[in-house]
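> give me coordinates for this.
(chains A and B)
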Amino acid sequence: MSSRYKEFSTLNLPLTEAEILKQWEQNHTFEKSISQRSGASPFVFYEGPPSANGMPGIHHVISRTLKDLVCRYKTMQGYLVNRKGGWDTHGLPIELGVEKELGITKEDIGKKISVEAYNQKCREAVLRFKDKWDDITRKMGYWVDLNDPYITFKNEYIETLWWLLKQLYSKGLLYESVSIQPYSPAAGTGLSSHELNQPGTYKDVKDTSATVMFRALQNEQSKFLHDAVHGAEVFFLAWTTTPWTLPSNLGLTVGGSIDYVLIQTKNPYTQLPINVVLAEKLLPKYFKPEEEIKEDVDFAASQNAAAGVTAIPWRRVLQCKGKALEGLQYEQLLPYEANSIEEIKNITPEANPFRILLADFVTTEDGTGIVHTAPAFGADDFKVGKKYNIGILTMVDKQGKFVDGLGEFSNRYVKNYKDEEEFVDVNVDIAVKLKKENRAFRVEKYEHSYPHCWRTDKPVLYYPLDAWFIKTTAIKDRLVELNKTIQWKPKSTGEGRFGNWLENMVDWNLSRSRFWGTPLPIWKTEDGESIKCIGTIDELNNEIKLANEVLGADINKDYLHEGILDLHKPYVDEIILVSDTGQPMKRVPDLIDVWFDSGAMPYAQWGLDYEKLSTGHKHPFKLPAGVEKFEELYPASFIAEGVDQTRGWFYTLHAIAGLVFDTVAYKTVVSNGLVLDKKGNKMSKRWGNVVNPFETIEKYGADATRWYLITNASPWDNLKFDEDGIKEVQRKLFGTLHNIYQFFALYANVDGFNFSEQYIPVSERPEMDRWILSSLHTLIGKVTQYYDEYDPTQAGRAIEDFVGEQLSNWYVRLCRRRFWKGEYEFDKICAYQTLFESLETVVTLMAPISPFYTDAIYMSLNEVVKKGAPQSVHHVFFPKAEQPYIDTDLENRMKLAQDACSLILSLRKKQNIKVRQPLQKVLIPVLNPTMKAGLAQVENLIMAEVNIKEIAYLNPEDTFIHKKVKPNFVLLGKKMGAKMKAISTALSNFSQEEIQHLEMNGQVFMSAPAINETILLSEVEITAEDIPGWSVATGNGLTVALDITLTKDLKMEGDAREFVNRIQNIRKERGFELTDRISVTVDDNTNLKESLITFKNYICAEILADNFSWVAGLQGESVIEVNDNQLVVVVTKNK
RNA sequence: UGGUCUGUAGCUUAAUGGUAAAAGCAGUUGCCUUAUACGCAAAAUAGUAUUGGUUCAAAUCCAAUCAGGCCAACCA
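The predicted structure follows:
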């Protein structure tokens, strides 16, 4: 135990942090913070795994600070908070990175490089920046266990994923279906949404668009249409920008509540009379108002109109809602062998195509309000097509050309995918054919933005691809219900963004056709009749042997002895299983969505426990030492990530937990906003405005950075990152704290204070001490509440205010003398104990947010004062707000004193009178006895602080003061409502007599016609406004008047004080110790002699002078100036 | 395009629907110190993106618009 408090030189956060970090590592401070809580109730935290294949950025620092501070706080609250780290290691970004590095594309994999070698590369790339991540984790002070992290590419991890998938499969929640995905025929590959979001993907192109006519079948259901036009043909108009999808058409979709009209008109190309149906709102797009005909005329007669006449007369015949059209049938537009009804039924036996369907995605913005629906080539089309079971036709192959059996269009590319010079756009030919057949109503070029493949620059198609899905929609309602039990910060993300997402959820498309990821554990026979879903490695190994036994010789021969060693491609794909009927089964080549990896982390981080598995345990997962039940680790009490994870991790965690275990995965989730640059732009490498967290931490320290990130904006708001903000935190908060500590250490070392004296009960301490301790405990209460509400921003701001305003600027400043004056006895000990306690407590409150410097102070304090204190601030229990300490009245009257001082100082400033110059008197009007009593208790303080000799009070009944009255709007507003305006005006016009009357009687009846109400004294606020004839200042309901007369005595005292100040400066300049005694000699020839002699005793006491003498014509090195008088002095240190 | 969040002094943030919109930073002026120019004080700076509405009372509630962020999409 040291006997002296460590005294630091100037504040150097980065240096201090490095030392603390070393100590933490030597003393295993983090590990102990957990082991010390063993047996305590757990607070479960999940670490969202970062991907270590890129450099960490400042945005990682903010979300990790948030996680860290909650975990530290909960630890201090007495919980056991385990923090297992993890790494996300699969996924597209990693693959793309490797492809870029190797200079290859997806198509080259398996050709130029084997899948085995490629995956090996990925495995190496995955943890490329692990060192950097580990480094930032250390340096920023993020406490997480990185010794035993979960890693998503490990077999045990993948195995758990398989087990989960098998649970889903067994419940019938995992199924294969077709999904419509972006596909690049030129590159021969599907595109991920990530690839589609590359810049420049969407380009404006001009395409041939056609409004085409589908002929309605005449039957009972369509009678109302045909009757309206005397049995003539009726056509549905539909618009498309992709005529090549027309041979695959199987339906027409309308909006149920949209108004449609039947129009009698002529085909502009053939001039034949026709009747068409389209949305009423879109009539102006096709017909001119002036050409509308109201009466029933013979349209066929106008057929012979002169050539060149472009007018298209039209007439409304009938109007109906889309709902009325539902189920109407129409004739196939472009029938060929390949898309005959027999072929359609071949693919989908129960198909019932060529009907009108209802869906709510139909709008009346474009086209005709009737949407041509080809289920193969649009996600919406597919969805509505499936609902109505209209089948599916894919008349375009994977190269992007029409299939055989489409007549003249067979084998033609639908877009110029091969860069043919003679390319003739098949879309134009289709349009021409339809024009000739009286099936096109309008054909034109249409410019729109359309996605293109980023590799080949060719247009992308939406194409049906086989995929495996998780039937999340099956438990949609349950997921919505469970979500309501989750505490979201901010609330709106949970209710709005996440809630909406759940409401509009679709099944989870799990398939990815990539190479580096968790393989889908599903094997199928060639004919697809038989399917096996594998749940564990053991199960797979048994199946491997079984297949070898049944199918014979070479099957799985490499995997017979040790079983499978790596669950990745290509090995899993080499394994052939056998069906119950003896057929060989191959694995479905897909990988699963990486989001399943991270969403399954609550289970997979532990791995499967075979023993529990064999007994059918509900949670067959391994458990870390000391944990008895899985329930101690699940669900999470708290998780936090960026708001961009809403549809990512937050969703997959929620979905998997709901699907497999019917619970939530987390009880509280904080989604933090993004970090923008100081102009509010998103940080991106392209803009070069990315902030390097290493540099920031090195420059300003992790503590200041963390504090800034947390207190500048609420975590869920976006943060505009500005270095100047960190500087300010460093300077203001940490600088101030540092000075307070330094001040304490300096004097405590002089006096040898080490808290060995008995703890002095608060009630016995001086008012100032009771005040700061009361404020401190009020602060503890606030901070605890804010932390508990996951609102560290408010907690931090409250602490900042306390440290800066209360502790430093008021308590320490006013109490300085107590530390250096007088003997080491009661008052001094009180001061030390109080300041010690305040410092220790305040660093404890701050510790979760900025863990380093607070620990440095904590340790320094307790190196001298070891009251059996724990080794680190992170091991102590969070302070509790103790009611006995809290004295609200005291805090209020101190506030009064602070306000009074502030006002008096502002008056001094106005009059240009220095604080060192004493003044005689200040006048304060008091409005009620409470105020007077309060002020009276702090008047000594005020007088000392502003250097005034006396305070006089003006009583309420004193007519000397000008008062003003105004309503208390909160109270009166509710009661008076509409009369408020009149009351407010009337009150402001009150005379001084009326106000006094109100004060004496406690109420007043206002008889103005619009009011007629009695107003109570408690319902108004009376303020003193002015004291005629005095120099006054008003603020915060307080008024002060200053007597600025300078008497001779005051003047002399002022001189003395100035003199003291100059001598103190000399002491400091010469580097004297605080306790050194001195002798002072002053030149006899000065106007100040009278002042100095009068106050000689005071002066000597202040400057610790034993001798004070006068010499005429003194020569010396020090010439000082006191109130415009030059003066030579000689100061010498006494031996 | 849809959903959602945000918009307050030059900048960063405050303000249970309650009436001269509060701070800090930067700039200006002056000042203190046996902890502190990393400090203290003063003056100045906005009428709360816009437009309407509800209300005795709106930065705050409602609607629309505009701008920005995020998420999802881009489908005829």
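> where in the stretch 1001-1135 of chain A is pLDDT low?
Applying pLDDT under 70 to the stretch 1001-1135 of chain A flags residues A:1025-1031, A:1034-1037, A:1074, A:1117.
> what are the ranges of the strands in it?
Under the criterion DSSP state E, counting those that start in this stretch, the stretch 1001-1135 of chain A carries strands at the ranges A:1003-1006, A:1013-1016, A:1020-1026, A:1031-1035, A:1038-1043, A:1078-1083, A:1105-1111, A:1118-1122, A:1125-1133.
> want to throw those strands into JSON lines with mean neighbour count and distance to A:V261?
For the C-beta atoms, the positions are set from N, CA and C on the backbone; glycine is no exception. Below are the strands of the stretch 1001-1135 of chain A laid out as JSON lines (neighbours: other C-beta atoms under 10 Å; distance: least, C-beta to C-beta, whole Å):
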{"stretch": "strand A:1003-1006", "mean neighbour count": "15", "distance to A:V261": "67"}
{"stretch": "strand A:1013-1016", "mean neighbour count": "16", "distance to A:V261": "64"}
{"stretch": "strand A:1020-1026", "mean neighbour count": "18", "distance to A:V261": "68"}
{"stretch": "strand A:1031-1035", "mean neighbour count": "16", "distance to A:V261": "72"}
{"stretch": "strand A:1038-1043", "mean neighbour count": "24", "distance to A:V261": "76"}
{"stretch": "strand A:1078-1083", "mean neighbour count": "19", "distance to A:V261": "106"}
{"stretch": "strand A:1105-1111", "mean neighbour count": "14", "distance to A:V261": "107"}
{"stretch": "strand A:1118-1122", "mean neighbour count": "15", "distance to A:V261": "98"}
{"stretch": "strand A:1125-1133", "mean neighbour count": "16", "distance to A:V261": "102"}
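> want to try TSV for these, with distance to A:E159 as columns?
Shown next, in TSV, are the strands of the stretch 1001-1135 of chain A (distance: least, C-beta to C-beta, whole Å):
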stretch	distance to A:E159
strand A:1003-1006	80
strand A:1013-1016	75
strand A:1020-1026	71
strand A:1031-1035	70
strand A:1038-1043	72
strand A:1078-1083	81
strand A:1105-1111	84
strand A:1118-1122	84
strand A:1125-1133	80
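> show me what from the stretch 251-400 of chain A comes close to RNA strand B.
Residues of the stretch 251-400 of chain A found near RNA strand B (C-beta under 7 Å from any atom of the strand) are A:F361, A:V362, A:T363, A:E365, A:D366, A:G367, A:V371, A:H372, A:G378, A:A379, A:D380, A:D381.
> at 6 Å what do you get?
Applying C-beta under 6 Å from any atom of the strand, one finds that the stretch 251-400 of chain A approaches RNA strand B through A:V362, A:T363, A:E365, A:D366, A:G367, A:V371, A:H372, A:G378, A:A379, A:D380.
> any residues of the stretch 1-150 of chain A in contact with RNA strand B? List them.
A:T10, A:L11.
> let me see the ranges of the strands in the stretch 1-150 of chain A.
In the stretch 1-150 of chain A, the strands defined using DSSP E, counting those that start in this stretch lie at A:84-87, A:145-151.
> most packed of these?
Mean neighbour count (mean count of other C-beta atoms under 10 Å) peaks for strand A:84-87 among the strands of the stretch 1-150 of chain A, with a mean of 21.
> which outside residues touch it?
Contacts to strand A:84-87, defined as C-beta atoms under 8 Å, 6 or more residues apart in numbering, come from residues A:47-52, A:126-127, A:130, A:144-146, A:148-152, A:601, A:605, A:624.
> stretch A:808-816 too?
A:736, A:739-740, A:743, A:768, A:771-772, A:831, A:835, A:838, A:894, A:898, A:941, A:944-945.
> tell me the confidence at the residue of the stretch 851-1000 of chain A found nearest RNA strand B?
When scored by C-beta to the nearest atom of the strand, the stretch 851-1000 of chain A has A:G973 as its residue closest to RNA strand B, at 2.2 Å. On the pLDDT scale, A:G973 is placed at 79.
> who's in contact with it?
A:G973 touches A:P967, A:M980, counting by C-beta under 8 Å, 6+ apart.
> could you confirm it falls within a strand?
No - going by DSSP: H, G, I helix; E, B strand; the rest coil, the assignment for A:G973 is helix, not a strand.
> looking at the strands of the stretch 1-150 of chain A, which is nearest to A:F694?
strand A:145-151 (17.4 Å; C-beta to C-beta).
> contact partners for A:N947?
A:N947 makes contact with A:V915, A:R916, A:Q917, A:P918, A:L919 under the criterion C-beta under 8 Å, 6+ apart.
> what subset of the residues you listed is also close to RNA strand B?
Within these, those near RNA strand B by C-beta under 6 Å from any atom of the strand are A:R916.
> now for the contacts of A:N947: which two are most distant?
Most distant of those, by C-beta to C-beta, are A:R916 and A:L919, 10.8 Å apart.
> the more surrounded of the two?
Counted by other C-beta atoms under 10 Å, A:R916 and A:L919 do not tie: A:L919 has more neighbours, with 25 against 16.
> I'd say the more buried one and A:L1050 touch.
Yes - using C-beta atoms under 8 Å, A:L919 is in contact with A:L1050, at 6.7 Å.
> residue of the stretch 1-150 of chain A with the smallest distance to RNA strand B?
A:T10 (4.1 Å).
> then the stretch 251-400 of chain A?
Closest approach between the stretch 251-400 of chain A and RNA strand B, counting by C-beta to the nearest atom of the strand: A:V371, at 3.4 Å.
> is that residue in a helix, a strand, or coil?
strand.
> got a list of what it touches?
A:A238, A:L252, A:T253, A:V254, A:A359, A:F361, A:V362, A:D381.
> quickly list what it is bridged to.
For A:V371, the beta-bridge partners are A:W239, A:T253 (DSSP bridges).
> report pLDDT for it.
87.
> likewise for A:L633?
With respect to pLDDT, A:L633 scores 92.
> spell out which parts of the stretch 401-550 of chain A neighbour RNA strand B.
Residues of the stretch 401-550 of chain A lying near RNA strand B (C-beta under 6 Å from any atom of the strand): A:Y450, A:P451, A:Y462, A:S492, A:G496, A:R497, A:N500.
> hmm, back to that, can you put the strands of the stretch 1-150 of chain A in JSON lines and add mean pLDDT?
Putting those into JSON lines (pLDDT from 0 to 100) gives the following:
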{"stretch": "strand A:84-87", "mean pLDDT": "92"}
{"stretch": "strand A:145-151", "mean pLDDT": "90"}
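> can you redo the ones you listed as CSV with distance to A:I799?
Listed next are these as CSV, based on distance: least, C-beta to C-beta, whole Å:
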stretch, distance to A:I799
strand A:84-87, 29
strand A:145-151, 28
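> what's the closest of those strands to A:Y747?
Of all these, it is strand A:145-151 that lies closest to A:Y747, at 42.2 Å by C-beta to C-beta.
> quick revisit: what is the burial count for the residue of the stretch 1-150 of chain A closest to RNA strand B?
The criterion is other C-beta under 10 Å. On that basis, A:T10 has 7 neighbouring residues.
> for A:I740, see how far away it is.
Distance, A:T10 to A:I740, using C-beta to C-beta, to the nearest Å: 15 Å.
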